[in-house]
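# Sharing a model prediction with you, sequence too.
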Amino acid sequence: MDRLEILGLSSQMPDSDRVFSIPASQALHASTAFPASGTTAISTGLPALDEAISVSATDNLPDLDDAESKGLPLGRVTEIFGPPGAGKTSLALSAAATALRNGDHVVWI
């Protein structure tokens, strides 16, 4: 299944300047269906934080290499909060840079 089929779009559609509207849940599924890096998480750049927020073994996920499963989990919503100046934007920029370096895509909202 390719990305167009996941989005419900046929590859037979003519090229045009049309804007497609899809539900956020469908976009999230499509964005995590084929991660270019082959990992299940994006590193924050801070090993201790990656370990603390990594997906636990109780999530019934197949055994993965430690480096592939530590960090912000793909396909899940992650909320980062804190007081002004705590480093929320720096953390998000670091994770975005890691994802881009691995060949994945990033959307900043």
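Yep, it's here. Numbers count the residues shown, from 1 in each chain.

# tell me which residues of the helix of greatest length in the chain are tucked away?
Identified as the longest helix of the chain according to DSSP state H is helix 88-101. For helix 88-101, a neighbour-count test (16 or more other Cβ atoms under 10 Å) marks 91-92, 94-96, 98-99 as buried. Bear in mind the C-beta positions are built from the backbone N, C-alpha and C, glycine included.

# which residue sits closest to residue 80 in space, ignoring its chain neighbours?
residue 88 (4.9 Å; Cβ to Cβ, 6 or more residues apart in numbering).

# I'd guessed that neighbour sits against residue 81; true?
Yes: look at residue 88 against residue 81 with Cβ atoms under 8 Å: they come within range, at 7.1 Å.

# Run through who's touching stretch 79-89.
91-92 (Cβ atoms under 8 Å, 6 or more residues apart in numbering).

# From residue 93, how far off is residue 48?
19 Å (Cβ to Cβ, to the nearest Å).

# go on, residue 99?
Using Cβ to Cβ, residue 99 is found at 11 Å from residue 93.

# Equivalent analysis for residue 72, please.
Between residue 72 and residue 93 the distance is 13 Å, computed by Cβ to Cβ.

# what residues are shared contacts of those two?
With Cβ under 8 Å, 6+ apart as the test, residue 72 and residue 93 reach no residue in common.

# which residues in the protein form helices?
Remark: helices assigned in the chain by DSSP H are 3-6, 24-33, 47-53, 66-69, 88-101.

# Now do the first one, average pLDDT.
So the one you mean is helix 3-6. In this model, helix 3-6 has an average pLDDT of 61.

# What of the longest one?
Across helix 88-101, the average pLDDT comes to 90.

# Kindly report the same for stretch 21-37.
In this model, stretch 21-37 has an average pLDDT of 65.
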